[in-house]
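>>> When you get a sec, could you give me coordinates for this:
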Amino acid sequence: MRQERTEPSGKPISGGLNYSPPPGLQQRSLGNMLLATEKLLLTRMLRAIGDPPVQIVLWNGLEISNHEGKKVARLIIRDHGALLKLVTDPELYFGELYSSQRIEVQGNFLDFLEAAYRALPLTRRGNFGKKLLSPLHDARRNTLPGSRRNIHHHYDIGNDFYRLWLDERMVYTCAYFPSPHASLEDAQLAKLDHVCRKLRLQPGEQVVEAGCGWGALALHMAKHYGVTVAAYNISTEQITFARQRAHAEGLDGQVEFIEDDYRNVRGEFDAFVSVGMLEHVGTDNYLELGAVIDRSLKDNGRGLIHTIGLNYPRPMDAWTERNIFPGACPPSLAQMMQIFEPFDFSVLDVENLRLHYARTLEHWLQRYENNIEHVTEMFDAKFARAWRLYLAGSLTAFKAGGMQLFQVSFARADQNQIPWTRQYLYEPATPGGSNGKL
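Down below sits the predicted model:
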């Protein structure tokens with residue numbers, strides 16, 4: 001993992017306002033007042049975010065730290081404007097300032113992020129910039145046109161970009177590591193099969209997938225479980241890629257990739273599955289999603305939703321929502337029940353794969369770092385640093401427990417074909433069995 005480095009120096013850091021007190025008693029007094037004001041602002045900001053074990057260094061050499069123990073890193077602030085923004089709203093502006101290189105981290109970047117995250121008071125996480133961004137948040141609501149804009153912003157920035165750091169199947173969701181030392185490719189394949197086993201797919205069944213990404217799960221279900229799949233997605237680049245893969249693998253007749261919104265799903269199916277889409281639905285649309293599932297499932301229907309989640313309801317952090325994931329809204333488990341309860345669905349199983357997502361992000365971040373020069377060439381340095389922060393910040397949140405990964409299995413209330421134990425998830429695959437034909 002490449003570390004962020006800046007050369008330590010006693011002189012002012014270039015690129016910002018260099019403060020040198022001019023001669024004269026009155027000017028020296030003014031300089032002292034400025035230094036005292038900056039120190040007071042930083043002290044209060046550090047206190048507000050829980051006094052993490054970091055040292056802050058200003059462009060004029062002033063060093064501030066409220067933490068008495070060992071410091072894990074130094075945060076270099078390059079100009080007075082950056083200081084004011086950071087003090088005003090650290091959650092929103094840290095990412096902006098880091099991306100534009102107006103602040104730097106000296107030391108291990110992941111250690112810095114984890115220390116800052118763990119120190120942040122629980123009530124402040126995700127709340128700093130919400131009022132400031134409320135008009136923008138409303139504009140990015142997940143209506144039919146809004147969802148298309150939001151998905152385009154994140155997923156249609158180029159398949160070549162994602163190829164640099166995803167696995168060979170282009171799976172952009174949490175992997176499942178049978179052992180901590182499994183490769184990313186093996187763990188993503190294990191995740192696809194883990195989902196299929198939970199759905200208890202049988203040859204000849206019909207499956208609908210809402211939000212199919214680049215098509216890996218739909219193709220896996222068709223190829224190894226003998227089902228037919230209708231897979232919905234509103235990302236043009238992803239659908240194009242998925243259709244090409246289906247044709248190359250001779251699965252055109254079993255998998256139909258449909259460029260449309262989940263709200264427009266039509267037909268009846270034996271199973272419903274959604275992996276990594278619920279984060280983009282928005283809690284105000286959960287009743288509508290539940291109605292889609294209800295009208296789509298046959299009497300013996302069952303389903304699975306795999307989603308990033310939270311321990312308690314709160315908004316996505318302001319910087320990520322503005323720059324990376326517009327409209328994103330990971331739910332708590334209680335919020336997810338708004339999908340199931342109004343339609344009398346029975347929740348059969350809930351599994352939390354939080355640490356699996358942390359391990360997945362370790363792989364993604366390492367691959368991203370190995371290719372960051374290519375990313376910079378494809379876009380620019382600001383984009384490359386923003387996505388580094390996004391991946392590293394996500395890893396930190398899963399590792400520290402601020403974000404979860406829920407897999408929720410459900411079925412019709414009167415559907416009693418339910419496994420007696422969880423053993424079926426871990427038995428060796430047998431030809432023609434409900435655990436697949438691998």
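
>>> Give me the below-cutoff pLDDT ranges for the stretch 51-200 of the chain.
By pLDDT under 70, the weakly predicted segments of the stretch 51-200 of the chain are 67, 122-156.

>>> now the helices: where do they sit in it?
Taking DSSP state H, counting those that start in this stretch, the helices of the stretch 51-200 of the chain run over residues 80-88, 90-99, 109-119, 134-139, 144-155, 159-163, 184-199.

>>> Now render these as CSV, adding mean neighbour count and distance to residue 411.
Heads up, the C-betas are built off the backbone N, CA and C, glycines and all. Listed next are the helices of the stretch 51-200 of the chain as CSV, based on neighbours: other CB atoms under 10 Å; distance: least, CB to CB, whole Å:
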stretch, mean neighbour count, distance to residue 411
helix 80-88, 18, 49
helix 90-99, 22, 40
helix 109-119, 20, 37
helix 134-139, 12, 35
helix 144-155, 17, 27
helix 159-163, 15, 34
helix 184-199, 22, 10
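
>>> Tell me which of those lies nearest to residue 395.
Ranking those by proximity to residue 395 (CB to CB) places helix 109-119 first, at 6.9 Å.

>>> Go through stretch 296-314 and flag the buried ones.
By neighbour count on 16 or more other CB atoms under 10 Å, the buried set for stretch 296-314 is 296-297, 301-310, 314.

>>> Dump the helices of the stretch 51-200 of the chain to JSON lines, plus distance to residue 371.
Compiled in JSON lines, those are given as follows (distance: least, CB to CB, whole Å):
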{"stretch": "helix 80-88", "distance to residue 371": "28"}
{"stretch": "helix 90-99", "distance to residue 371": "18"}
{"stretch": "helix 109-119", "distance to residue 371": "17"}
{"stretch": "helix 134-139", "distance to residue 371": "31"}
{"stretch": "helix 144-155", "distance to residue 371": "19"}
{"stretch": "helix 159-163", "distance to residue 371": "9"}
{"stretch": "helix 184-199", "distance to residue 371": "14"}
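
>>> Is the closest residue to residue 275 other than its chain neighbours part of a helix or strand, or is it coil?
Closest residue to residue 275 apart from its sequence neighbours, by CB to CB, 6 or more residues apart in numbering: residue 306 at 4.2 Å. For residue 306, the assignment made with DSSP: H, G, I helix; E, B strand; the rest coil gives strand.

>>> correct me, but residue 306 touches residue 174?
Yes - the pair residue 306 / residue 174 is scored as a contact, 7.4 Å apart, by CB atoms under 8 Å.

>>> What's the local residue count around residue 70?
As a burial measure, residue 70 scores 6 neighbours (other CB atoms under 10 Å).

>>> how close does the residue nearest to residue 110 when sequence neighbours are not counted sit to residue 89?
Of all residues not flanking residue 110 in the chain, residue 392 sits nearest, at 5.9 Å (CB to CB, 6+ apart). Residue 392 is 20 Å from residue 89, where distance means CB to CB, to the nearest Å.

>>> List the residues that contact residue 187.
Shown here is residue 187, whose contacts under the criterion CB atoms under 8 Å, 6 or more residues apart in numbering are 175-178, 356, 359-360.

>>> Output the residues you listed in JSON lines; the columns should cover distance to residue 347 and neighbour count.
Below are those laid out as JSON lines (distance: CB to CB, whole Å; neighbours: other CB atoms under 10 Å):
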{"residue": "175", "distance to residue 347": "24", "neighbour count": "26"}
{"residue": "176", "distance to residue 347": "20", "neighbour count": "23"}
{"residue": "177", "distance to residue 347": "25", "neighbour count": "21"}
{"residue": "178", "distance to residue 347": "25", "neighbour count": "13"}
{"residue": "356", "distance to residue 347": "20", "neighbour count": "21"}
{"residue": "359", "distance to residue 347": "26", "neighbour count": "23"}
{"residue": "360", "distance to residue 347": "25", "neighbour count": "27"}
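
>>> Cheers, nothing more for now.
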